[in-house]
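Enquirer: Here's my sequence, what's the structure:
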Amino acid sequence: MNIARVRGLSRIARIAIANALSRIDTQLSIGPNRPHAVPPSSALTDPSVSSRSFSQPHLSAGFGEDVFKGAIADKFLKEQGLSAAVLDDPSWVKDVATADKIAKAVLTWCLSKGVTNFCHWFQPMAATFRHGNTGQVQMSMLEFNRDGTTTYELKGKHILFGETDGSSYPNGGMRATHTAGGYLCIDPSSPMFLRDDALFIPACFVSYEGKALDEKTPLHRAHEAMSKQTARLFKHMGFEVAGAVNNIGLEQELFFIPREAYERRMDLQFTGRTVLGKMPARGQEGCDHYMAPINVQGKVMACMKEIQTQCYKLGIPLKTRHREVAPNQYEFAPEFGSVITQTDQNLVVMQICEEVAAKHDLACLLQEKPFAGVNGSGKHNNWSISTLCGAQLLNPGDLTAKSGNPELFPVVMAALVAGVDSYGDLMRLSIASPGNDFRLGAMEAPPSVISTYLGTQMTEYLTEFMNGNVFEYKPSVTPIPLGVDSLPVFNAPAEDRNRTSPFPYGGHRFEFRAVGSTQNVSLVNTVLDSMVAKMFSNISDRIEAGESAVAVAQELLKKHFKAVYNGNGYDPEWPAKADAMGVTRIDSGVEAINKFVDPKNVEMFSSMGVFTPEECAARREILLELYVGTVEMEVGCMIDMINQHAIPSAKAAGINASGLEKGAKECAAAIAKVHATEDAFEQAKLCRVLRLETMVNVRKVVDDVEAACPANLWTMATYKELLFVDTGKHR
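Expert: Numbers count the residues shown, from 1 in each chain. Presented below is the predicted three-dimensional model:
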């Protein structure tokens, strides 16, 4: 989908938005894909506002009012002799006097909005089951004076740093219980924002020795490495830039289901997915749900509107909403923005979705595979890089025009192709969320083979380039007439969409399609930025040793072009062909996690200053523990649901329950074997077998019993009740 396009607005409305934006700076990133403000849905749907009376205030009112940046911040900073421009230069965090002035401005803003608490908002590792995927300790701004009076106080020191007890956060052995300090440092690249009565200050979270205990700190390190190595390489090729920024756009898929049915499913409440459940007579056979109209009188539409309104107030340009393939499955998507801000905002979006859904008697499911038999959810990570001066690295025309060097684009592409081939195992690791076990390669998400799609024109061009024919790449469009005189001819881009590729080029960006819907995308983009930094660094090293950039790029393409695959990734024969070609294929997420400590990967991360060897080992341990813990919860739910629901229902219906009893015992024995194993990697491998074999077989027995049991005797909410929120109850 084109997530940068405003849908459903007339040309007049678009012009009004543009005019409003010319007077208020609500930009969210510093790259070339700068998103624009979008009116809150309440303004667009307010019946008191007729189509003829649409004006700039109605279209822009409320956008960004709860985020401290742009025009909102400028009003309060001026009272302290500053402007909003001070926030664009992160060096303010190193000047105590400036920090104090900013804190005063923030306090005045907060009090004007009725906000009297603050917190440092951070991202612990492996936070999949944590509401909002974040951590925080909210502190009152109220100060109690000795004379019995009170005042509100917020100083520079309060917003710059914090400290908390880090003892119960995953750490992978990087700190002991008696060294429990967790230290917080403001992230000036991501703006402070308000929710309810609290100020949220995005922050990095580290140990006493500075080891990263969060997802944000490594992303900053990787982004900085990518920026520096881009400037270094481009200087060698005659294009001096100050650095680069990674921009992303995230397509968030999710399910909305009836809350009453959700509350009758222990597995959904505890794990986010159903471990039991027979498919109803109707699923997604007709693909009739995909992009179908959202019921304007239904709960889901009201819920999605409120989600968008809350996001607009936080400056989150959540522009796209639509139905997805599976029943009850939907999607939100924002515009592009800087990777740090967009990652933070996506975490906020997920939390808002869960909270607002409950208000509308719905439950929001973010897990990758909540239901068997229908598609699961992903989070497509659209990814691009631009220089700080605005040259887009993945846009050949733009990069050539601004650099004056047509050889730069093929060198960039050679580095990326080489990176995918060299570090495909890390790309696979970065998407090894527990829920992705059920998606990758299942004809609904790209396979576990890590390749890249470039399209015919790009592939032919790079083939010519690596064989010595060096010229400027100028992709052409193809006119598509519709055979009707009154309809316009549209131009198809150089590349078609290949949804079966995990990392396709889609015109000025790559799309990492295999990312899981629950994921904090920090690790995903940490890997991509680190990979680019390393490949750019390697090319620069060779240029400094006397080789030409073109010769190096040509050699890289010849060595790594096997990672380019333009065919059907869903082809059953492709994985075997990929194996024969030496293309990365890792079916098991557990095996992928183990790649964190491969020597080449440890060397890459440590040489780029992203992870130390100790941090690599710790994150491997944490991800394995997350996988094991996830399966423990799932199998525990299955055992309880069989014993407490399925067996009593079967007996009440006069159905033989011996198969159910046997299945519960098999699950209990399997998890006991896991608990008897000490090594985390071996535990995770046993859990994978338990999850994908034992539990699947036991589920079939239970689902067969459900099929035979009268509906009035089956005590668990069924797929019929869970999957069709728009068509009433199916009991």
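Enquirer: any weak-confidence spans in the stretch 351-500 of the chain?
Expert: Counting by pLDDT under 70, the ranges of the stretch 351-500 of the chain that qualify are 441-443.
Enquirer: nope, the chain is what I was after
Expert: Regions of the chain meeting the criterion pLDDT under 70 cover residues 1-61, 175-177, 441-443, 728-731.
Enquirer: In it, which helix is the longest?
Expert: Across the chain, the helix with the greatest residue count (assigned by DSSP state H) is helix 613-641.
Enquirer: Follow the chain on from that helix and name the next helix or strand.
Expert: Helices and strands here follow DSSP states H and E; after helix 613-641, the next one along the chain is helix 647-652.
Enquirer: Test my guess that Leu82 contacts Ala103.
Expert: No. In this structure Leu82 lies outside contact range of Ala103 using CB atoms under 8 Å: 11.4 Å. The C-beta positions use only the backbone N, C-alpha and C, and glycine is treated the same way.
Enquirer: Next, the residue nearest to the spatial centre of the chain: phi, psi?
Expert: By CA atoms, centre = their mean, the mean C-alpha position of the chain lies nearest to Val521, the distance being 3.9 Å. Per-residue torsions, Val521: phi -80, psi 10 (degrees, to the nearest 10).
Enquirer: which residues in the stretch 501-650 of the chain form helices?
Expert: Applying DSSP state H, counting those that start in this stretch to the stretch 501-650 of the chain gives helices spanning 522-544, 549-560, 574-581, 589-593, 599-607, 613-641, 647-652.
Enquirer: from the middle of its chain, how far away would the last one be?
Expert: Taking the mean C-alpha point of helix 647-652 and that of its whole chain, the gap between them comes to 42 Å (CA atoms, centre = their mean, to the nearest Å).
Enquirer: what does it rub up against?
Expert: The set of residues external to helix 647-652 that reach it, using CB atoms under 8 Å, 6 or more residues apart in numbering, is Asn656, Ala657, Leu660, Glu661, Ala664, Val705, Cys709, Leu713, Trp714, Thr715, Met716.
Enquirer: For the second one, give me its contacts.
Expert: Counting by CB under 8 Å, 6+ apart, Ala657 makes contact with Ala646, Ile647, Ala650, Lys651, Val705.
Enquirer: Verify the contact between the first one and Val705 for me.
Expert: Yes. Between Ala646 and Val705 there is a contact at 6.2 Å, judged by CB under 8 Å.
Enquirer: Now the common contact residues for those two.
Expert: Ala657, Leu660.
Enquirer: mind checking the SS state of the residue sitting furthest away from the middle of the chain?
Expert: Using CA atoms, centre = their mean, the residue of the chain lying farthest from its centre is Asp147. It sits 50.0 Å away. Local secondary structure at Asp147 is given as coil here, using DSSP: H, G, I helix; E, B strand; the rest coil.
Enquirer: For the remainder of this discussion, apply numbering that starts at 635.
Expert: Okay, residue one is now 635; in that scheme the one you just asked about reads as Asp781.
Enquirer: I'd like to know how far it sits from Gln931.
Expert: Here the distance between Asp781 and Gln931 works out to 58 Å (CB to CB, to the nearest Å).
Enquirer: before we move on, the earlier item: can you tell me which of the helices of the stretch 1135-1284 of the chain comes nearest to Ala992?
Expert: The stretch from the helices of the stretch 1135-1284 of the chain with the least distance to Ala992 (CB to CB) is helix 1247-1275; that distance is 20.8 Å.
Enquirer: Pull out the buried positions in the closest one.
Expert: Of the residues in helix 1247-1275, those buried under the neighbour-count criterion (16 or more other CB atoms under 10 Å) are 1249-1273, 1275.
Enquirer: Could you look up the next helix or strand downstream of the helix or strand hosting Asp901?
Expert: For Asp901, the enclosing helix or strand under DSSP H and E is helix 900-905. Next along the chain after helix 900-905, taking DSSP H and E as the criterion, comes helix 933-947.
Enquirer: on that earlier part again, just the buried subset of the contacts of helix 1281-1286, written out for ChimeraX, thanks.
Expert: The following ChimeraX command selects only the buried members of the contacts of helix 1281-1286, with burial defined by 16+ other CB under 10 Å:
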select :1291,1294,1298,1339,1343,1348,1350
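Enquirer: ok so, going back, mind checking how far the residue farthest from the centre of the chain is from Leu788?
Expert: Remark: distance between Asp781 and Leu788 (CB to CB) = 21 Å.
Enquirer: Next: Phe1005.
Expert: 46 Å.
Enquirer: So Val1045 is in contact with Val1184, correct?
Expert: Yes. Between Val1045 and Val1184 there is a contact at 7.1 Å, judged by CB under 8 Å.
Enquirer: who has more neighbours, these two?
Expert: Legend: neighbour count by other CB atoms under 10 Å for Val1045 and Val1184, higher for Val1045 (25 against 17).
Enquirer: mind listing the strands for the stretch 735-884 of the chain?
Expert: 751-755, 773-774, 776-778, 784-786, 795-799, 815-820, 827-829, 832-840, 878-892 (DSSP state E, counting those that start in this stretch).
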